[in-house]
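Student: how would this look folded up:
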Amino acid sequence: LARKKVRVVMMTLWAAAPPLTEHVLEAVGWTTTYGKVNGVDFVNLGFKEGRQIVMKSMGQSLKQTFPVDRSGTPVGEIPLMQEVESYKDFALLVDISAGNPGVKEYVQVVQSRWQVPMVGACTAVSGPDYVPYYSAGQLRGLAAGMKGAAEYETLVGRPGAATAGMAAQSASHVLLIAFILSNRQKVTVNFL
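Tutor: A predicted model of the protein is given here:
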């Protein structure tokens, strides 16, 4: 997103996420490498409790749902927020999640109601549940687990941690299959 000069409004419905979000912004070099300016190129609204209620509320008014950003600045004073009122003002919704609420809830509550184009990134175990949303066109893209992240890194021409991790993950899967095959035993099942 930084390389494409996309302006970003981010928020979370998971209480533990704000420090992680800040760490990722720093690790990517959002402000240092890419020169992004807080309030102009991006806004971090932080955490809000309420799950689907917050999702619905953002469809009516982001400024009422998040009256201040993560650092406590009133959203009325933030230049980027002058251009944003609700989902209708976004070109794309990106959901990165590992649980509930996540991709499923955003598709059901937001995408279906406001028809915002949406992509999702999730844990590998959740991925199969979201394939029908992708097949139906409700998700424009889906990256599930480390494999999905590695595919994305390859797609954008920036191999990183996920691509490097795939070698170890693939080796462990081969080893697990070898263990299973080497320990095949006849199993008897008795039904009472």
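Student: please name the nearest non-neighbouring residue to Tyr87.
Tutor: Excluding the flanking residues, the one nearest Tyr87 by C-beta to C-beta, 6 or more residues apart in numbering is Trp114, at 4.2 Å. Yep, even glycine has a C-beta here, placed from its N, CA and C like the rest.
Student: that neighbour and Gln60 touch, don't they?
Tutor: No. Judged on C-beta atoms under 8 Å, Trp114 makes no contact with Gln60 at a distance of 10.3 Å.
Student: neighbour count: the two, which is higher?
Tutor: Between Trp114 and Gln60, counted using other C-beta atoms under 10 Å, the more crowded position is Trp114 (17 against 12).
Student: what's near enough to touch the more buried one?
Tutor: 59, 86-88 (C-beta atoms under 8 Å, 6 or more residues apart in numbering).
Student: write the PyMOL selection for whichever of those residues are buried.
Tutor: To isolate the buried ones among the contacts of Trp114 in PyMOL, judged by 16 or more other C-beta atoms under 10 Å, type:
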select buried, resi 59+86+87
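Student: of the contacts of Trp114, which belong to helices?
Tutor: Per DSSP state H, helices hold the following members of the contacts of Trp114: Gly59.
Student: what about the helices in this protein?
Tutor: 17-28, 52-60, 62-65, 103-105, 112-114, 127-135, 145-155, 161-182.
Student: got the angle between the first one and helix 161-182?
Tutor: If I follow you right, that is helix 17-28. 110 degrees (axes from the mean of the first three to the mean of the last three C-alpha atoms, to 10 degrees).
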